[in-house]
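Asker: Fold the following for me, if possible:
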Amino acid sequence: MYTPHNYACQPGFNASCALCCGSHNYRGSYNEIDTLFRRRLQCFSNMLSCSNDLTATLKACFQELSLITLPPHDPHATQCPFVAYTDTSYTTIGCLLYPYCNSFDYRSLFMGSICNTFCCRVNSPEFYDKVKSVAKLCGDWYYYSLIIHDMKLVETIVRTPTPDSIETCKQNAVMKLLSFATAF
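Answerer: Okay, the predicted model is just below:
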């Protein structure tokens, strides 16, 4: 879903990004992270549907979702418990508190100050066309998130959008993530 504030986060084509919130800061395989994000969405949805006290429920959600996790690559980096799938088809990740998931911006009640401190350089008008191209070519959250923040990979995938080039970019992105992770 495009808005002036989140088009790089939610560009469509099953691509989405929550790298700023720690979506890839887990020592786990894609399948383990996938399961984690599914469990968080289910837990959040269940807890929200069972209460009328929004503030207390969000605090309880934070506590509960914090337990549904994997060890971090970098213990000093963000690993927000509200990052999960935001759709029941399990294709789009993002913040469960963000208004594209709900009719209200729950961040303003609980964690808005953390979310407001991050500035994503690709979430600017100058990168719009490249963001859309990479989203179409990747078609998923996992690789899209890694590639969109590496301008070398973005240029390669946009300039040469062949299946081999796309696969090479995906593997290079994962190798960078793993090399970063082994530094900790």
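Asker: who's in contact with Ser124?
Answerer: Contacts for Ser124 (CB atoms under 8 Å, 6 or more residues apart in numbering) come out as none. For the C-beta atoms, the positions are set from N, CA and C on the backbone; glycine is no exception.
Asker: residues near Asn14, how many?
Answerer: 16 (other CB atoms under 10 Å).
Asker: can you check the one 3 residues further on too?
Answerer: One way to gauge burial is a neighbour count; for Cys17, by other CB under 10 Å, it gives 29.
Asker: residue ranges with poor pLDDT in this protein?
Answerer: 1-6, 109-118, 184 (pLDDT under 70).
Asker: all strands for it, in order.
Answerer: 83-85, 93-95 (DSSP state E).
Asker: Which strands or helices does the last one pack on?
Answerer: Here strand 93-95 touches strand 83-85, going by 3 or more CB pairs under 8 Å, 6 or more residues apart in numbering; DSSP states H and E.
Asker: so what strands line up beside the strand it packs on?
Answerer: Next to strand 83-85 in the sheet, as set by DSSP bridges, lie strand 93-95 (antiparallel).
Asker: for Asn25, what are its contacts?
Answerer: Asn25 is in contact with Pro72, His73, Asp74, Ala77, Thr78, Gln79, counting by CB under 8 Å, 6+ apart.
Asker: how close does the first one get to Pro81?
Answerer: This points to Pro72. Look at Pro72 and Pro81: by CB to CB, to the nearest Å, they are 12 Å apart.
Asker: neighbour count winner among these two?
Answerer: Higher neighbour count among Pro72 and Pro81: Pro81, with 22 against 17, using other CB under 10 Å.
Asker: roughly how far apart are that one and Glu167?
Answerer: 32 Å.
Asker: Can I get stretch 175-183 in CSV, CA atoms only?
Answerer: The C-alpha trace of stretch 175-183 is given here as CSV (Å, rounded to 0.1, in the frame of the first residue of the first chain):
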residue,chain,number,x,y,z
MET,A,175,25.7,-13.5,2.3
LYS,A,176,26.1,-9.9,3.5
LEU,A,177,23.5,-10.5,6.3
LEU,A,178,25.3,-13.6,7.4
SER,A,179,28.7,-12.0,7.3
PHE,A,180,27.4,-9.1,9.4
ALA,A,181,25.8,-11.6,11.8
THR,A,182,29.0,-13.5,12.4
ALA,A,183,30.7,-10.3,13.5
